[in-house]
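# pasting the sequence and the predicted coordinates here, then a few questions.
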Amino acid sequence: MAAPIIELQGITKTYDDGFTALSNINMTIEPGKFYSLLGPSGSGKTTILRLIAGFTNASSGAILFEGQKINDLPANQRKVNTVFQNYALFPHLDVFENVAFGLNLQKRPKAEIKKRVLDALKLVQLPGYANREISELSGGQQQRVAIARAIVNEPKVLLLDEPLSALDMKLRQDMQYELRELQQRLKITFIFVTHDQEEALAMSDEIFVVNDGKILQSGTPVDIYDEPINHFVANFIGESNILPGEMLADYQVEFVGKTFECADAGMKPNEKVEVVLRPEDLDVTTAEQGKLVVTVDTQLFRGDHFEIIGIDDDGNEWLIHSTNPVRGGKHIGLTFEPEDIHVMRFGEKEADFDARLEQYEED
Amino acid sequence: MKQSKRFFMIPYFIWIGLFVIAPLVLILYQSLTNTQHQFTLQNYATYGTSTTYLHMSLNSLWYAFLITAITLLISYPAAYFLSKLKHQQLWLLLIILPTWINLLLKAYAFIGLLSRTGSVNQFLTFVGIGPQQLLFSDASFLLVATYIEIPFMILPIYNAIVELNPALINASRDLGATNWQTFRRVIFPLTISGVKAGVQAVFIPSLSLFMLTRLIGGNRVITLGTAIEEHFMTTMNWGMGSTIGVVLIVMMFIIMALTNDRRKKRREVNDDEEN
């Protein structure tokens, strides 16, 4: 594990009016990785970014940059650059002057500035746009200029505050690929704030799920998707069927009145839990062969899959993703593997959750 | 549709015709006649050759420049700090309020303050400095003129500052700019439109101030405005007065042209390798 480039230690941010935006945030950022801060609006994810950039101060706790405490270092002396949500390009300057802004402040030689600016514009696929006015650019092009303006300064960490949220769907997906590729080429640490879980899953090496000023869970996209720590994370990341259940014993869970084999352990006998089943893990079969039987309520064609909503005998709604539509009978069976069941305890902290997982996964 | 639009434009055209075009034509016509109502270019010749008028014109420009400069120096920081305050609407109202009071009343108020027996001199006597000649000086003229013009400078600058996107200031700091560099490279260039509007609103009326020159400046300050008043009210040489009026109007147009937003010139970057 490389030495961390940024660490947040016990960061709390309380505003004058008593509102606590962040409480006891601990984060470790390693160099060269792509991180996402994922959470709904108002969760505090942007506040974390602003703290790292230096636009706001923490009420308590320490922010370390390469081991040095930088709480009191003003924004203009931090070795990070930001791509702002609405780009914040300078409207009185053209594309070249915008990108050259940081280098001009550093009083670099003219020839070097010109070379680096044109290189940066090439990198974001805007060669030949140097003399354009900002007002002449489309949203996507402004986005690229904003990225060029930040990376031309060769920051050690690039902070991106929902940079793609103003773009349309198609462009957003293209930019996801480009950003990921750019990050891997430049080997700069990216900290990417987003409320779009698909974006975070697609791009990140590691995701921090933030809600109500707390980090609920951190881990690789696959870990977080497959093993969400609680109801909120399971619901926020991807779609899921969440049901109340009871852990009868290790590897045995009961829900909807039936007992199923599962892959989770380390809980108290007969502990009340919640069970997560992802819609794409549910396979449609005949009513006779199914572990569960549901009645099809609606069926929608989503382009790459069919989204089926079924209702079981107890009235629970089931969301199913299937590549093939259900034909004929309204009663269908659902099957799934024991590994497809994910069991969540109530109020489990991330550290305990990780420890428990490690404990039985090593067996 | 088009017909009715034209119909509603009629009052506007009448207004423009009666109160803008007609006076301008009249002034131009008057300036081309002498006291015997004969057509002549003599007035312009007089204006062009007389050192008195040249001196007056320069004087007008100089005082208007001083008033504008002092007003700007006070108003820009004032507008900037105003934009950071709580209860901005209240502070704005306090700044606007004096403009609702008649200019003459404000001038008399200052006479009361600055006269030999006025409050300022009473205070100076009280602290042992003794009464001073405050009224009828350049300084008192500039003080009162600046006081009167300040709201017209603060308001457009304040509006420009409030419209400034705060993310741009963060962006500037993020890219390494100090507060001063942020001000010079981002805040000031983006609020220059407000400054220009303020300069127009202050400089142009200041060119033709005449009441204050008499009441506060005690006729020590002679500007084109005073000259026009003299020609119309005292010497009854309307032709000469109109000529000076035409000169003032031309000056105003020049100022407007100078302070209008021009398309900024483009700096070409030679990136032939890309295209």
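Perfect, I can see it now.

# hang on, A:E181 in a strand?
No - with DSSP: H, G, I helix; E, B strand; the rest coil as the criterion, A:E181 is assigned helix and is not in a strand.

# any idea how many residues pack against it?
10 (other CB atoms under 10 Å in any protein chain shown). (Glycine included, C-beta is placed from N, CA and C.)

# and it, what pLDDT?
Residue-level confidence at A:E181 comes out at 91, pLDDT.

# what's the spacing between it and chain B?
To chain B, A:E181 is 20 Å away according to CB to the nearest CB, to the nearest Å.

# so which residues of the chain form helices?
With no chain named, the answer covers chain A. With DSSP state H, the ranges of helices along chain A come out as A:45-53, A:95-105, A:110-123, A:139-151, A:169-186, A:197-203, A:221-226, A:231-236, A:350-361.

# try again with chain B
B:2-16, B:22-31, B:42-49, B:51-82, B:88-96, B:103-114, B:119-126, B:138-163, B:166-174, B:179-182, B:188-207, B:211-215, B:224-233, B:238-259.

# would you turn the helices of chain A into JSON lines with distance to B:V25?
Shown next, in JSON lines, are those (distance: least, CB to CB, whole Å):
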{"stretch": "helix A:45-53", "distance to B:V25": "61"}
{"stretch": "helix A:95-105", "distance to B:V25": "47"}
{"stretch": "helix A:110-123", "distance to B:V25": "55"}
{"stretch": "helix A:139-151", "distance to B:V25": "50"}
{"stretch": "helix A:169-186", "distance to B:V25": "58"}
{"stretch": "helix A:197-203", "distance to B:V25": "67"}
{"stretch": "helix A:221-226", "distance to B:V25": "77"}
{"stretch": "helix A:231-236", "distance to B:V25": "73"}
{"stretch": "helix A:350-361", "distance to B:V25": "83"}
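
# among those, which is nearest B:V144?
The closest of the helices of chain A to B:V144 is helix A:95-105. By CB to CB, the value is 43.0 Å.

# what comes into contact with the lowest-mean-pLDDT helix or strand in chain A?
One helix or strand of chain A scores below all others by mean pLDDT, DSSP states H and E: helix A:350-361, with a mean of 82. The set of residues external to helix A:350-361 that reach it, using CB atoms under 8 Å, 6 or more residues apart in numbering or on different chains, is A:215-218, A:227, A:229, A:250, A:264-267, A:345, A:348.

# go again with 6 Å.
By CB atoms under 6 Å, 6 or more residues apart in numbering or on different chains, the residues outside helix A:350-361 that reach it are A:217, A:229, A:265-266.

# now swap in stretch B:174-185 and tell me
Identification of contacts with stretch B:174-185 by CB under 6 Å, 6+ apart yields A:75-76, A:81-82, A:101-102, A:105, B:169, B:172.

# which of those residues are buried? Put it as a ChimeraX command.
To isolate the buried ones among the contacts of stretch B:174-185 in ChimeraX, judged by 16 or more other CB atoms under 10 Å in any protein chain shown, type:
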select /A:75,76,81,82,101,102,105 /B:169,172
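
# can you redo the contacts of stretch B:174-185 as a markdown table with pLDDT and distance to B:V250?
Converted to a markdown table, the contacts of stretch B:174-185 look like this (pLDDT from 0 to 100; distance: CB to CB, whole Å):
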| residue | pLDDT | distance to B:V250 |
| --- | --- | --- |
| A:A75 | 93 | 50 |
| A:N76 | 93 | 47 |
| A:N81 | 95 | 51 |
| A:T82 | 95 | 50 |
| A:F101 | 96 | 41 |
| A:G102 | 95 | 46 |
| A:L105 | 94 | 43 |
| B:I169 | 94 | 41 |
| B:S172 | 96 | 41 |
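
# out of the contacts of stretch B:174-185, the closest to A:F301 would be?
For the contacts of stretch B:174-185, with A:F301 as the reference and CB to CB as the criterion, the closest is A:T82, at 41.1 Å.

# so who does that closest one touch?
Contact partners of A:T82, counting by CB under 6 Å, 6+ apart, are A:53, A:159, B:174.

# where does the chain dip in pLDDT?
Answering for chain A, as no chain was given. Low-confidence regions of chain A, defined here as pLDDT under 70, cover residues A:1, A:328-329, A:361-363.

# that's the wrong chain, I meant chain B
In the prediction, chain B carries residues with pLDDT under 70 at positions B:1-2, B:261-275.

# mind giving me the domain split of it?
Following automatic domain parsing, one finds the domains of chain B at B:1-31, B:57-274.

# flag every residue of the stretch 101-250 of chain A that's near chain B.
Contacts of the stretch 101-250 of chain A with chain B, taken as CB under 6 Å from any CB of the partner chain, map to A:101-102, A:105, A:118, A:127-128, A:130-131.

# what's the farthest-apart pair in those residues?
Comparing the members of those, the greatest separation, given CB to CB, is between A:L105 and A:G128, at 25.3 Å.

# any idea how far A:T82 lies from A:L158?
Relative to A:L158, A:T82 is positioned 8 Å away (criterion: CB to CB, to the nearest Å).

# and the least confident helix or strand of chain A, how far from the chain's centre?
Relative to the mean C-alpha coordinate of its chain, helix A:350-361 is positioned 22 Å out (CA atoms, centre = their mean, to the nearest Å).

# alpha carbons of that helix, as CSV, please.
Listed next in CSV are the C-alpha coordinates belonging to helix A:350-361 (Å, rounded to 0.1, in the frame of the first residue of the first chain):
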residue,chain,number,x,y,z
GLU,A,350,-18.3,-0.5,8.6
ALA,A,351,-15.4,-1.7,10.7
ASP,A,352,-17.4,-4.5,12.3
PHE,A,353,-18.9,-5.4,8.9
ASP,A,354,-15.5,-5.7,7.3
ALA,A,355,-14.2,-7.8,10.3
ARG,A,356,-17.1,-10.2,10.1
LEU,A,357,-16.8,-10.6,6.4
GLU,A,358,-13.1,-11.3,6.7
GLN,A,359,-13.7,-13.8,9.5
TYR,A,360,-15.8,-16.2,7.6
GLU,A,361,-14.5,-15.5,4.1
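
# so which bits of that helix are buried?
When burial is assessed from 16+ other CB under 10 Å, helix A:350-361 yields the following buried residues: A:350, A:353-354, A:356-357.

# tabulate the contacts of stretch B:174-185 (TSV), appending distance to B:A197.
Output for these, formatted as TSV (distance: CB to CB, whole Å):
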residue	distance to B:A197
A:A75	32
A:N76	31
A:N81	35
A:T82	32
A:F101	27
A:G102	31
A:L105	29
B:I169	22
B:S172	24
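
# ok, so of the contacts of stretch B:174-185, who is nearest A:E199?
Distances from A:E199 to the contacts of stretch B:174-185, taken as CB to CB, are shortest for A:T82 (17.8 Å).

# among the contacts of helix A:350-361, which are in strands?
Mapping these onto strands (DSSP state E) picks out A:Q217.
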